[in-house]
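**Q** okay, here's the prediction I keep looking at, along with the sequence it came from:
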Amino acid sequence: MRTSADIPADIAARARQLREQIDYHNYRYYVLDDPEIPDAAYDRLFRELQALEEQYPALVTADSPTQRVGAKPLKAFGEVRHEVPMLSLSNAFSDEEALEFGRRCAERLAIPVEQIEFTTEPKLDGLAISLLYEDGRLARGATRGDGYVGEDVTQNVRTIRSIPLRLRGEPGKDLPRVLEVRGEVYMPKAGFEALNERQRAAGEKPFANPRNAAAGSLRQLDPQVTASRPLAMYAYGVGQVEAGELPDRHSAILARLRQWGLPVSPEVRDGVRGIEACLAYHRAMKDKRPQLPYEIDGVVYKVDRLDQQEKLGFVSRAPRWAIAHKFPAQEALTRLLAIDIQVGRTGAITPVARLEPVEVGGVTVSSATLHNEDEIRRLDLRVGDTVIVYRAGDVIPKVAGVVLSRRPPEAKPFEMPKKCPVCGSDIVRLEGHAIARCSGGLYCPAQRKEAIKHFASRRAMDIEGLGEKLVEQLVDRDLVHDPADLYALTVEQLAGLERMAQKSAENLIAALEKSKSTTLPRFLFALGIREVGETTASILAEHFGDLKAIEAADVETLQAVPDVGPVVANSIYTFFRQPHNLEVIDKLLAAGIRWPKVAVKKPEALPLAGKVIVLTGTLQGMSRSEAKQRLQALGAKVTGSVSKKTDWVIAGTDPGSKLTKAQELGVEVLDEAGLMELLQQG
Ligand code: 9MJ
């Protein structure tokens, strides 16, 4: 092995420079939320450092950014005694309780509450962490435990990329020699969803919520496992401090932590005077909660001046100078009344939990999706069970688990019905598939209704006024069997239906007439061919130019289309081999459906050919669907979810979880100006 003496001076200097640059760009990214260079450039720096360290192992230092995952699995965690106890927070569950907190502070400080300045913070729903920095280097990470003794999770916190291994600043000068930072480790919503997808795909139990996922991930004996979990951290205070001065206000300490390179939530506000202003913050954060990329379960108010904090002191295990003002719970217990079966457009069977109505986070929930049969088995759900219902931000409610101790003795395991509850056809589940399907096809009224709703929908034939309830009546009364029958409807037939007056019947006939003039991509999409979404429909139209050529194409020809794989090709081929489908298409064309000729495009020649783009947030200059169409016209593929294959994520205002996902995966993010640049290439 080479020793440090063998390392040429220029190599050692370059390694030092690379570490400094990487640390700086981490700081721009995780702390300032304002990256200066694209991710690809960051990756180049990182790889260059890795290569140098591989060539000269003596160059490796414990705080090198390449050394996040190194340690071997542990047998057990060691114990850590907290020099300064890690206290918890008292809770307020109502505005009244928060006001009461303000009155108590005012009384003890002997000043009017309006004169007390608070810092207000989001209360992250994760787990508390203590990070000990010695001479600016991360020396130890520990969980809170009981507040006095926690677990040593150093090797796991090192894998969390938003936690700096080395602080910015000079120890002994502007940086205390010993600094214990306190904060919350959490799992962003997008990372949580992706992790649970992976758990399900691997046949493992999904985590009930991001808090459990974060706690489970941090308390892994093997740091490799922790490293594979999308964890993050926000700092919210300090514990032990030696040989160094800190400011005399909490808000200034947070600002200092940020300067030292620690991520602090951008939602923190200081100079909030009196409790009424705190309550306004509570309301604003409650509204913002669905848009935040991570879960919060309330907000925290902290008296800002440290001399006032000292005067207020502590009660038992919580400071008197802070309070957590919680939001209504996102979890609730209720009873599972039934498991219903829903049949989708392509026959997919989705079990749905019918629940005794219960308030979850301020919304009444009476049903929840159960994904599929395996999910029910994994949760061991039985009708009559008491279940935990969980809502994450704006996400649809889910059943997170069962309270086994409350299971009624007669509760029986769920059995998937063998026959479709709507049409009586066999339900089949192919080997290796998670989804069971009704085999009735368009014989099944449920599938027929969904097919017609899809045909009429805005992005398909855009038949205004043909809503869900109307389609159901039309199918139930045998007026419409397939989409082509819509064009044979008369004003008299329509006017006889529930909630249809003469005028609305006339309007619908006019809308049907108007829909006849369409485009080939819309028509293809409207047919509801499995696996053919809007993007594939557009690509098919531009590749083949007309419907007859698509109808005639064999599987091989279809697979030659960019983005069409064997599954999609087979699905298209099979669709056009069904006499019934061809009949419906003929009837539709005979009814007068038409579209302008499509110019065949050589896809490889387009400027954005092969690029995968995801749009998120609100754009100012155009709608998202316009942006999508314009990008597709330039050859880009526009998809709905961010993956490693994504080339760019274009983020408008209020971008949501896709932006977080992009940042986690290191996908380059463009703003609206970046989008305009891409579009100008056309
Ligand atoms: C969380 N969980 O976000 C505190 N917390 O302060 C914030 N927790 C805390 N502050 C003192 N923002 C004890 C705990």
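**A** Received the coordinates, thanks. Predicted, not measured: the structure shown is a model, and the values here were computed from it.
**Q** distance check, residue 533 against residue 640.
**A** In this view, residue 533 and residue 640 are 9 Å apart by CB to CB, to the nearest Å. (C-beta placed from N, C-alpha, C; glycine too.)
**Q** neighbour count for these two, which is higher?
**A** Per other CB atoms under 10 Å, whichever of residue 533 and residue 640 has more neighbours is residue 533, with 13 against 10.
**Q** show me where the stretch 151-300 of the chain has its strands.
**A** With strands called from DSSP state E, counting those that start in this stretch, the stretch 151-300 of the chain shows them at 178-186, 232-242, 269-273, 296-303.
**Q** redo those as a markdown table? Include mean neighbour count and distance to residue 129.
**A** Output for those, formatted as a markdown table (neighbours: other CB atoms under 10 Å; distance: least, CB to CB, whole Å):
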| stretch | mean neighbour count | distance to residue 129 |
| --- | --- | --- |
| strand 178-186 | 24 | 5 |
| strand 232-242 | 20 | 7 |
| strand 269-273 | 16 | 23 |
| strand 296-303 | 24 | 16 |
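**Q** Throw those into CSV and include distance to the ligand and mean pLDDT, thanks.
**A** Output for these, formatted as CSV (distance: least, CB to the nearest ligand atom, whole Å; pLDDT from 0 to 100):
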stretch, distance to the ligand, mean pLDDT
strand 178-186, 4, 97
strand 232-242, 4, 96
strand 269-273, 12, 97
strand 296-303, 4, 96
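**Q** can you give me every residue that contacts residue 584?
**A** Residues near residue 584 by CB atoms under 8 Å, 6 or more residues apart in numbering: 482-484.
**Q** from these, which is closest to the ligand?
**A** residue 483 (52.5 Å; CB to the nearest ligand atom).
**Q** and the closest one, what does it touch?
**A** 451-452, 455-456, 461, 526, 584, 588.
**Q** in TSV, list the contacts of residue 584 along with secondary structure, pLDDT and distance to residue 294.
**A** Converted to TSV, these look like this (DSSP: H, G, I helix; E, B strand; the rest coil; pLDDT from 0 to 100; distance: CB to CB, whole Å):
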residue	secondary structure	pLDDT	distance to residue 294
482	coil	93	47
483	helix	95	44
484	helix	95	49
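**Q** burial count for the residue in the stretch 551-682 of the chain that the ligand sits nearest to?
**A** Going by CB to the nearest ligand atom, the ligand is nearest to residue 660 of the stretch 551-682 of the chain, at 17.4 Å. Applying other CB under 10 Å, we find 21 residues neighbouring residue 660.
**Q** what's the closest non-adjacent residue to it?
**A** Closest residue to residue 660 in three dimensions, ignoring its sequence neighbours and counting by CB to CB, 6 or more residues apart in numbering: residue 293, at 3.9 Å.
**Q** near the ligand, list only the ones from the contacts of residue 584.
**A** When contact is defined as CB under 6 Å from any ligand atom, those do not meet the ligand at all.
**Q** just the closest of those residues to residue 577, please.
**A** Nearest to residue 577 among the contacts of residue 584: residue 482, at 17.2 Å, using CB to CB.
**Q** so how far is residue 446 from residue 475?
**A** Residue 475 sits 9 Å away from residue 446, going by CB to CB.
**Q** typed the wrong thing, it's residue 622
**A** 37 Å.
**Q** which one's more surrounded, the two?
**A** Using other CB under 10 Å as the criterion, residue 622 and residue 446 rank with residue 446 on top: 22 against 16.
**Q** could you pull out the helices for the stretch 301-450 of the chain?
**A** Remark: helices assigned in the stretch 301-450 of the chain by DSSP state H, counting those that start in this stretch are 306-312, 373-379, 445-456.
**Q** mean pLDDT lowest for which of the ones you listed?
**A** When those are compared by mean pLDDT, helix 373-379 comes last with a mean of 89.
**Q** distance from it to the middle of the chain?
**A** Here helix 373-379 is found 23 Å from its chain centre; the criterion is CA atoms, centre = their mean, to the nearest Å.
**Q** for stretch 550-558, same thing?
**A** 37 Å.
**Q** show me the shaky parts of the stretch 301-450 of the chain.
**A** Across the stretch 301-450 of the chain, the ranges flagged by pLDDT under 70 are 392-395.
**Q** residues from it in reach of the ligand?
**A** Counting by CB under 6 Å from any ligand atom, the stretch 301-450 of the chain sits next to the ligand at residue 322.
**Q** point me to the residue of the stretch 301-450 of the chain nearest the ligand.
**A** residue 322 (5.6 Å).
**Q** who is that residue paired with across the strands?
**A** Beta-bridge partners recorded for residue 322 (DSSP bridges): residue 302.
**Q** distance check, it against residue 408.
**A** Using CB to CB, residue 322 is found at 43 Å from residue 408.
**Q** look at the two and report which has more neighbours.
**A** residue 322 (23 against 11).
**Q** neighbours of residue 431, how many?
**A** For residue 431, using other CB under 10 Å, the count is 4.
**Q** swap in the one 4 residues further on?
**A** For residue 435, the neighbour count with other CB under 10 Å is 16.
**Q** circling back: show me what contacts the residue nearest to residue 660?
**A** Neighbour list for residue 293: 188-190, 656-657, 659-660 [criterion: CB under 8 Å, 6+ apart].
**Q** can you select the buried ones among the residues you listed for me in ChimeraX?
**A** Applying 16 or more other CB atoms under 10 Å to the contacts of residue 293 leaves a buried subset, and the ChimeraX line that selects it is:
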select :188,189,190,656,657,659,660
